[in-house]
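J.: here's my sequence, what's the structure:
(2 chains)
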Amino acid sequence: GNSVTQMEGPVTLSEEAFLTINCTYTATGYPSLFWYVQYPGEGLQLLLKATKADDKGSNKGFEATYRKETTSFHLEKGSVQVSDSAVYFCALGGNFGNEKLTFGTGTRLTIIP
Amino acid sequence: GAGVSQSPSNKVTEKGKDVELRCDPISGHTALYWYRQSLGQGLEFLIYFQGNSAPDKSGLPSDRFSAERTGGSVSTLTIQRTQQEDSAVYLCASSPGTAGNTIYFGEGSWLTVV
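T.: Got it, this is the predicted structure:
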């Protein structure tokens, strides 16, 4: 079955540091890949997505590239801000008609000034 | 337009009581999902509705859990004879129902069983 393995947290970085949160997956077929973010006190929201191999999703300075050869979808940001402090979830979804998302366990990120 | 709406936002109930959690999906979305997020844990899939198809109930943890979706819109998740381990945030989500579409989440219903 489908599964997502996500970098364990928590992660604490200084402002303007480079961020990488690793995500690898196991799936049959050709899933879509997502990063969702949950800011403190808020609901889960989509950060970015990629629907096929070699696609790059990007939003708010974050990027992730769908790597089929390494079954990975690592999240990166060149210079983090305090406002990026949140919990980040990697997820995969079916690509043959709509299917449920399978989530990783989440990575709590804290940015200190 | 309006997002996914859930109610109640917070519910405290006594062990052994039944609870109902409601979800209003985004208008026109054919797919509806329920997930559970326990403290310090990831998101656990519970159940998925897609149009008129039979729901995928593979994530329901026990027969105390059930869900309905009436008229292809509003959904109710029912937990019977609640236990303390049922305490969690119950998240509802909806999507337009085609491959690769974004799934939109509500803010959740925080259930505490005492």
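
J.: point out where chain A drops to low pLDDT.
T.: Chain A contains residues with pLDDT under 70 at A:94-98.

J.: tell me which residue is most central in it.
T.: Geometric centre of chain A, nearest residue: residue A:35, 3.3 Å, by C-alpha atoms, centre = their mean.

J.: surely it forms part of a helix?
T.: No - under DSSP: H, G, I helix; E, B strand; the rest coil, residue A:35 falls outside any helix and is assigned strand.

J.: contacts only, for the nearest residue to it once chain neighbours are set aside.
T.: Distances taken as C-beta to C-beta, 6 or more residues apart in numbering or on different chains put residue A:47 closest to residue A:35, at 4.4 Å, once the chain neighbours are dropped. The way it works is simple: take the backbone N, C-alpha and C, and place the C-beta from them, glycine included. Taking C-beta atoms under 8 Å, 6 or more residues apart in numbering or on different chains, we find residue A:47 in contact with A:34-37, A:59-60, A:62, A:75, A:88.

J.: please redo it, this time with the cut-off set to 7 Å
T.: The contact partners of residue A:47, by C-beta atoms under 7 Å, 6 or more residues apart in numbering or on different chains, come to A:35-37, A:59, A:62.

J.: for residue B:105, same thing?
T.: Counting by C-beta under 7 Å, 6+ apart, residue B:105 has contacts A:43-45, B:4, B:91, B:93.

J.: ok, what's across the strand from it?
T.: residue B:93 (DSSP bridges).

J.: do you know how far it is from residue A:8?
T.: Separation of residue B:105 from residue A:8 (C-beta to C-beta, to the nearest Å) stands at 23 Å.

J.: again, but for residue B:69
T.: Plainly put, residue B:69 is 36 Å away from residue A:8 if you go by C-beta to C-beta.

J.: those two: who's more crowded?
T.: Neighbour totals were compared for residue B:69 and residue A:8, and residue B:69 leads with 18 against 12 (other C-beta atoms under 10 Å in any protein chain shown).

J.: hang on, the more buried one packs against residue B:75?
T.: Yes - using C-beta atoms under 7 Å as the test, residue B:69 is close enough to residue B:75 to be in contact (4.3 Å).

J.: which neighbours do the two share?
T.: With C-beta under 7 Å, 6+ apart as the test, residue B:69 and residue B:75 both reach B:32, B:49.

J.: pull out the buried members of the contacts of residue A:47.
T.: Buried by 16 or more other C-beta atoms under 10 Å in any protein chain shown: A:35-37, A:62, out of these.
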